[in-house]
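1. fold the following, please.
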Amino acid sequence: MNQDWNKNLKLNPEIIEQCHEIKPIDTMVGVLCKDVETTVLNVLNVINEGLYRYFADYKKAIVVSEGGSTDKTVEVLELFQPYNSIKKIVTQDITAGGKGAGVMTILEIAHEVEAKSVVLMDGDLLSIKPGWIQTISNPIIYGRADLTVPYYIRDKNDGVITNNLVYPFTRALYGVDIRQPIAGEFALSRNLYEVLREHPLFPPDFGVDIFIVTVAAAEGMEVKEGLYSLKIHESTTRYLEPEKFLIPMFRKVTGSMFELTKYYEDYWKNGSRLQHKGFYRESFSQKPIPVKIDINALKKSFHNEFESAKGIMRHFLPSEILTDLENIVKNDETFDSDLWVEVVYNYAAAYKHTEREPDKYLLLDSLKTLWIGRFVSYCIETEDMDVNEAETVLQKQAEVFEEKFNYLVSIY
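-> Below is the predicted model:
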């Protein structure tokens, strides 16, 4: 990766002029948009109300990154008029790519307006409330955190990339028990966003969420959960078409996660380890919206893809692990968490030594196949469990990631 690729990206001079006219700003909300014509006006109106209601004495702004939308999002954005005390900036992304490009654009504007805090919100949120802005911002505003991340109430089959991969991996390496590190919404301090702006691994795509959390943790900043709610967003419906949405997301998120693992190797090898407490808390909040999973279809996909990809997997896995995986497919056995953790750690180590982009793609694609296999076993194991029982399964899996940490160190 070219570590200077984002250094030459600049905001439009007209946008910079707008920024200088309204600076300094105390609290700024950035809204990320991509073809959200049906939802974004409500999101903006709710943010507008939240800022007006809870931040009366603050200098505030709403910044919208329109994300290269091809529907009527841009026309809808023109309809939005904030309260007089709230400034509004709408801009195109400073580069192509996706969500990361939008975040990059918003943080550049935050720099220009000298924002003391930044909140990032997706433009397709359906469940957003005015109080969200205050709740997620407070740890930043009161100087108690550099990053706040929501804890959303989710079904046991939701958050499929988070539950079995991103959460336990991040917890084991960086010692932060942030349950949903790719939740989508964040509040950031000025200290953090200035570090992110200059970071050589800033991804222009889906990998930006795990990038934000990992950098904050590895740079020694305070990371907290800061918003507890039910999340409903329009893009959840795209999970029904995994090849179009979820699978590309897996590649981007995991690729960014492994790049950061390589970059911060000295930190996580020598950092302090999280101490588990040996008990599991119960959630008795409102019930999440159920997510239906076609286990048979997923199992068929795993078996078919494994047969096609096992030749590639030989480049990334020890022979004994590959033999175990072949037995799982052949005999329809359980793909347990102990084996899964060793698979993930071997792939992380292999990624370190994989230089060519086509080879990285093959690596991530074959890990995606194995991730589907682990998810199938998780779904079968938790099929008759409630949310708390399934969460205990995931917590125990996270502990296995921690217990096998020295295994990663030994092979990395």
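2. which residues in the stretch 51-200 of the chain form helices?
-> 73-79, 99-113, 131-141, 160-161, 167-174, 190-197 (DSSP state H, counting those that start in this stretch).
3. among these, which gets the worst mean confidence?
-> Lowest mean pLDDT within these: helix 160-161, a mean of 89.
4. how about this structure, which residue sits the furthest from its center?
-> Residue farthest from the centre of the chain, counting by C-alpha atoms, centre = their mean, is residue 331 at 34.7 Å.
5. measure residue 101 to residue 282 for me?
-> Look at residue 101 and residue 282: by C-beta to C-beta, to the nearest Å, they are 40 Å apart. Placement of C-beta: from N, CA and C, glycine included.
6. more crowded one of the two?
-> For residue 101 versus residue 282, the count of surrounding residues by other C-beta atoms under 10 Å is larger for residue 101: 26 against 9.
7. how about the contacts made by the more buried one?
-> 65, 67, 93-95, 204-205 (C-beta atoms under 8 Å, 6 or more residues apart in numbering).
8. same check on residue 94?
-> 9-11, 101, 104-105, 108.
9. which of those lies closest to residue 117?
-> Ranked by distance to residue 117 (C-beta to C-beta), the contacts of residue 94 are led by residue 108 at 15.9 Å.
10. now that closest one: closest residue in space that isn't a chain neighbour?
-> Once flanking residues are discounted, residue 108 sits nearest to residue 11: 5.3 Å by C-beta to C-beta, 6 or more residues apart in numbering.
11. the one you found and residue 18: what is the separation?
-> In terms of C-beta to C-beta, residue 11 sits 9 Å off from residue 18.
12. ok, those two, which is more surrounded?
-> residue 18 (22 against 19).
13. buried ones in stretch 9-29?
-> Within stretch 9-29, the residues that qualify as buried are 11, 15, 18-19, 22, 25-29, counting by 16 or more other C-beta atoms under 10 Å.
14. which ones among the residues you listed are found in helices?
-> 15, 18-19, 22 (DSSP state H).
15. got JSON lines for the residues you listed, with pLDDT and distance to residue 45 too?
-> Putting these into JSON lines (pLDDT from 0 to 100; distance: C-beta to C-beta, whole Å) gives the following:
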{"residue": "15", "pLDDT": "96", "distance to residue 45": "23"}
{"residue": "18", "pLDDT": "96", "distance to residue 45": "21"}
{"residue": "19", "pLDDT": "97", "distance to residue 45": "23"}
{"residue": "22", "pLDDT": "97", "distance to residue 45": "20"}
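16. surely residue 262 meets residue 351?
-> Yes: taking contacts as C-beta atoms under 8 Å, residue 262 lies within contact range of residue 351: 7.0 Å.
17. of these two, which one has the most company?
-> The neighbour count for residue 262 versus residue 351, taken as other C-beta under 10 Å, is higher for residue 351 (22 against 15).
18. what's the closest non-adjacent residue to that one?
-> Once chain neighbours are set aside, the closest to residue 351 by C-beta to C-beta, 6+ apart is residue 258, at 4.1 Å.
19. what of residue 170?
-> residue 181 (5.2 Å).
20. the one you found is in contact with residue 165, isn't it?
-> No: if you go by C-beta under 8 Å, residue 181 and residue 165 don't touch, sitting 10.5 Å apart.
21. residue contacts, the residue most central in space within the chain?
-> What sits nearest the mean C-alpha location of the chain, by C-alpha atoms, centre = their mean, is residue 182, with 2.1 Å. Shown in contact with residue 182 (C-beta under 8 Å, 6+ apart): 161-162, 166, 209-210, 213, 253.
22. longest helix of this structure?
-> Longest helix in the chain, counting by DSSP H: helix 357-381.
23. which other helices and strands does that helix contact?
-> Counting contacts by 3 or more C-beta pairs under 8 Å, 6 or more residues apart in numbering; DSSP states H and E, helix 357-381 packs against helix 246-263, helix 295-313, helix 319-331, helix 337-352, helix 387-403.
24. dump those helices to JSON lines, plus distance to residue 47 and mean pLDDT.
-> Shown next, in JSON lines, are those (distance: least, C-beta to C-beta, whole Å; pLDDT from 0 to 100):
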{"stretch": "helix 246-263", "distance to residue 47": "25", "mean pLDDT": "92"}
{"stretch": "helix 295-313", "distance to residue 47": "37", "mean pLDDT": "94"}
{"stretch": "helix 319-331", "distance to residue 47": "47", "mean pLDDT": "97"}
{"stretch": "helix 337-352", "distance to residue 47": "37", "mean pLDDT": "98"}
{"stretch": "helix 387-403", "distance to residue 47": "29", "mean pLDDT": "95"}
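25. for those helices, give me a markdown table that also has distance to residue 73.
-> Conversion of the helices and strands packed on helix 357-381 to a markdown table gives the following (distance: least, C-beta to C-beta, whole Å):
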| stretch | distance to residue 73 |
| --- | --- |
| helix 246-263 | 20 |
| helix 295-313 | 33 |
| helix 319-331 | 44 |
| helix 337-352 | 36 |
| helix 387-403 | 34 |
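26. surely residue 221 is in contact with residue 140?
-> No: under the criterion of C-beta under 8 Å, residue 221 makes no contact with residue 140, lying 11.1 Å away.
27. ok so, going back, among the contacts of residue 182, which one lies nearest to residue 123?
-> For those, the nearest to residue 123 is residue 209 (15.3 Å; C-beta to C-beta).
28. gap between the host helix or strand of that closest one and the chain center?
-> Of the helices and strands defined by DSSP states H and E, residue 209 is found in helix 208-218. Counting by C-alpha atoms, centre = their mean, to the nearest Å, helix 208-218 is centred 9 Å from the centre of its parent chain.
29. quick one: it to helix 167-174, angle?
-> 30 degrees (axes from the mean of the first three to the mean of the last three C-alpha atoms, to 10 degrees).
30. quick check: next helix or strand after helix 208-218?
-> On the C-terminal side of helix 208-218, the nearest following helix or strand under DSSP H and E is strand 223-230.
31. give me the neighbour count for residue 47.
-> Residue 47 - counted by other C-beta under 10 Å - has 26 other residues nearby.
32. ok, the closest residue to it other than its chain neighbours - contacts?
-> With C-beta to C-beta, 6+ apart as the criterion, residue 47 has its nearest non-adjacent residue at 5.1 Å, and that residue is residue 29. Taking C-beta under 8 Å, 6+ apart, we find residue 29 in contact with 47, 51, 60-63, 118-121, 133.
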